[in-house]
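>>> Need the 3D shape of this:
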Amino acid sequence: MTTTLPPAGSHPAGSHPAGSHPADAPGTDGFAERARRYGRSLHPVGLAVALLFFCWSLTPSLLPRVWYLQGVATGISIATGYGLGCLAAWAVRKCGVSPRYSERTKRIGRWTLLGFTVVLVPTFAILGAVSQQVVRDLVGVEEEHEANYLLVLVISLVIAALLLWIARASRSATNRMAAFGRRYVPAPVARVASLVVVVAVGLMIVNGIVYQGLIGLANRSAAAADHSTADNVVRPEMPERSGSPASAEPWESLGREGRTFVAGGPSAEQITAATGRPALTPIRVYVGRESAESITDAADQVVAELVRTGAFDRAVLAVATGTGRGWVNASVAGALEYTADGDSAIASMQYSFLPSALSFIADRESPKEAGRALFEAVYAEWESRPAESRPKLLAFGESLGSFGGQSAFAGAQDMLARTDGALWVGTPNFSPQWSGITESRDSGSPERLPVIDGGANVRFASAAQDLELDGPWGMPQIVYWQHASDPITWWSFDLLLNRPDWLREPLGPDVNPDMRWIPFVTFWQVTMDMVFSADVPDGHGHTFQADAANIWADILAPDGWTAADTEKVRAAMAE
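Okay, here's the model as predicted:
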């Protein structure tokens, strides 16, 4: 029988050298000892890769990031890097490579890693602040105090530590279950079964408690907020609007965004004052989420409102799919009405209480269902009218509205066959119609501004001048309006492991030229960019306003319309 002696400098259980504290005591030495033990438990390879990912996470992406979102992206990146480093070390050991280093070598390695950390962390914090300022200048955002970037380190370490704790707790649970299972089944079976159980329980917790609970709470809160009305929004009296005394749709039922939509827009007098051309009062119809038992019923009620207002006798009829709670871009809708001299009708409806950001995550079916139901209902009524008296039929939508609105069509040819034009704004990357059209672009054209069949009918634009291609532009015309710096358009799970074409090709003029694709890191950077993607000046990110006048002028091509008329509309919209 052999006796194992404790390592030099250690002490028997229950005894401590004079002046020391037990490891679990609240004294300073106890905390320091716990910190040292925790530090020794961290794998050096994992730490080295985590440091690399920390540096990468501070490189530029599409939009300026506030310091706390940068902290979140950096924390996730640190945890990801540490996990990948540990995974690589484990794979090497499984291949039979298990080098044994002397204590002196280990000590040199630890001090070397510490030296790199001391140099690289502040260096990349400063470089990150500088690169973010470059991005701010490109998109016209005010400067942020660079000292805030020092807080990135604190937030990132807290998040990385939390993620590491979750990972270790999951591993511990898996090991304990496997140890218990080995009593009854072979070890490999026990390990696999325990892993499956832990993953399943984790998914149930995230989906059932965290995800569904938070979404449910958000939905209830949003439904309550939907009963409020924005400032300076009053019930319209004109019969051309839903919610008016002449409408079958009660004002209170339209929802917050619906009330804002029908109460807004230019009057006939404002249109004439801007363009000098005779104008009609534009028609705006809308049905709220609470007005109907189903999305299909809501679409039918929209058609009833269109019939009531005489919308099918106007020159232009547009089907607008809203975002989330039913928001319709006021600039896009108003520019259409100015360009059409008010001889227009716009139809929309609400399909959810959730804000667009939560619908983006939690509910992608409702936008598709609403987009199809609304267009099909309007199209059926429009098609039943004599061909010579039908209005031009248009479709438009922004963000989730673009995703949902395009769901009514099988692709570009279907849009061309069933509409007289369409404007899709800030389309999310997961939209199948957008993806299919983009992938079919002409050779040599970039993903951020693809050219489709020489620009014959479908054109992409970041700014109005991008629509000016060499070849003829036939009718009908479909426009995809998107910005090179819009994370809504470029965010995709593919960013985790694949470099997209838009990062292989020359970057857009408002994107930091130093932006590079980095596995895992770019995904989280663009994810954080989405949070405030609409809080940047017009022409960048997810903000689309002034160029709507130019785009609608191209799509509608009104008789006698000139570039001067477009400038008048832009000026009127800017007031």
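
>>> Low-confidence stretches in the stretch 151-300 of the chain?
Per-residue confidence for the stretch 151-300 of the chain (pLDDT under 70) gives these ranges: 206-223.

>>> All the helices of it, in order from the start?
Using DSSP state H, counting those that start in this stretch, the helices assigned to the stretch 151-300 of the chain run over residues 187-204, 212-225, 255-263, 268-275, 295-309.

>>> cool, the stretch 451-575 of the chain as well?
Listed in chain order, the helices of the stretch 451-575 of the chain (DSSP H, counting those that start in this stretch) span 487-490, 501-504, 521-529, 548-556, 563-574.

>>> Nearest to S77 among the ones you listed would be which one?
Taking C-beta to C-beta as the measure, these were each checked against S77, and helix 521-529 came out nearest at 5.1 Å. From N, CA and C alone the C-beta is placed, and that goes for glycine too.

>>> ok, and what's touching the closest one?
The list of residues contacting helix 521-529 from outside it, by C-beta atoms under 8 Å, 6 or more residues apart in numbering, reads 53, 56-57, 59, 61-63, 65, 69-70, 72-73, 76-77, 80, 487, 490-491, 493, 495-496, 503, 516, 541.

>>> CA atoms of that helix as CSV?
These are the backbone C-alpha positions of helix 521-529, laid out as CSV (Å, rounded to 0.1, in the frame of the first residue of the first chain):
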residue,chain,number,x,y,z
VAL,A,521,-17.5,37.1,-34.8
THR,A,522,-19.1,38.8,-37.8
PHE,A,523,-22.4,37.1,-37.1
TRP,A,524,-22.6,38.6,-33.6
GLN,A,525,-21.4,41.9,-34.8
VAL,A,526,-24.1,42.2,-37.4
THR,A,527,-26.6,40.8,-34.9
MET,A,528,-25.8,43.7,-32.6
ASP,A,529,-25.9,46.2,-35.5
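
>>> most packed of the helices of the stretch 151-300 of the chain?
The highest average neighbour count among those, using mean count of other C-beta atoms under 10 Å, belongs to helix 255-263 at a mean of 25.

>>> which helices and strands sit right next to that one?
Using 3 or more C-beta pairs under 8 Å, 6 or more residues apart in numbering; DSSP states H and E as the contact criterion, the elements in contact with helix 255-263 are strand 283-287, helix 330-339, strand 344-349.

>>> if we can go back for a sec, export the helices of the stretch 151-300 of the chain to TSV and append columns for distance to G454.
As requested, those are arranged in TSV below (distance: least, C-beta to C-beta, whole Å):
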stretch	distance to G454
helix 187-204	48
helix 212-225	45
helix 255-263	37
helix 268-275	32
helix 295-309	36
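
>>> Out of these, flag the one nearest A463.
Closest to A463 of the helices of the stretch 151-300 of the chain is helix 268-275 (C-beta to C-beta; 21.9 Å).

>>> List the contacts of that closest one.
Contact with helix 268-275 is made by 266, 277-282, 337-338, 341-342, 565, 568-569, 571-572, as judged by C-beta under 8 Å, 6+ apart.

>>> Just the buried residues out of those, in ChimeraX syntax.
The ChimeraX command for the buried members of the contacts of helix 268-275 (criterion: 16 or more other C-beta atoms under 10 Å) is given here:
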select :266,279,280,281,282,337,338,341,342,565,568,569,572
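
>>> Out of the contacts of helix 268-275, which is nearest to V135?
Nearest to V135 among the contacts of helix 268-275 is A571, at 29.9 Å by C-beta to C-beta.

>>> isn't F396 right next to G405, touching?
Yes. Contact status for F396 versus G405: in contact at 6.8 Å, counting by C-beta atoms under 8 Å.

>>> Now the common contact residues for the two.
319-321, 422, 424.

>>> By neighbour count, which of those residues wins?
Within the shared contacts of F396 and G405, most neighbours by other C-beta atoms under 10 Å means T321, with 33 neighbours.

>>> I'd say it and F409 touch.
No. Counting by C-beta under 8 Å, T321 does not reach F409; the two are 11.6 Å apart.

>>> Quick check: the spatially closest residue to A553 that is not a sequence neighbour vs R364, distance?
Spatial nearest neighbour of A553, chain neighbours left out: T566 (4.9 Å); criterion: C-beta to C-beta, 6 or more residues apart in numbering. Using C-beta to C-beta, to the nearest Å, T566 is found at 35 Å from R364.

>>> Tell me which of those two has more neighbours.
When T566 is set against R364 and neighbours are counted by other C-beta under 10 Å, the residue ahead is T566, at 22 against 16.

>>> which residues touch the more buried one?
Contacts for T566 were tallied using C-beta under 8 Å, 6+ apart; they are 339, 549-550, 553.

>>> List only buried entries from the residues you listed.
Of the members of the contacts of T566, the ones counted as buried by neighbours, 16+ other C-beta under 10 Å, are 339, 549-550, 553.

>>> circling back to that earlier point, need the helices of the stretch 451-575 of the chain in a markdown table with mean pLDDT and distance to E33, can you?
Conversion of those to a markdown table gives the following (pLDDT from 0 to 100; distance: least, C-beta to C-beta, whole Å):
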| stretch | mean pLDDT | distance to E33 |
| --- | --- | --- |
| helix 487-490 | 97 | 45 |
| helix 501-504 | 96 | 47 |
| helix 521-529 | 95 | 34 |
| helix 548-556 | 96 | 64 |
| helix 563-574 | 95 | 65 |
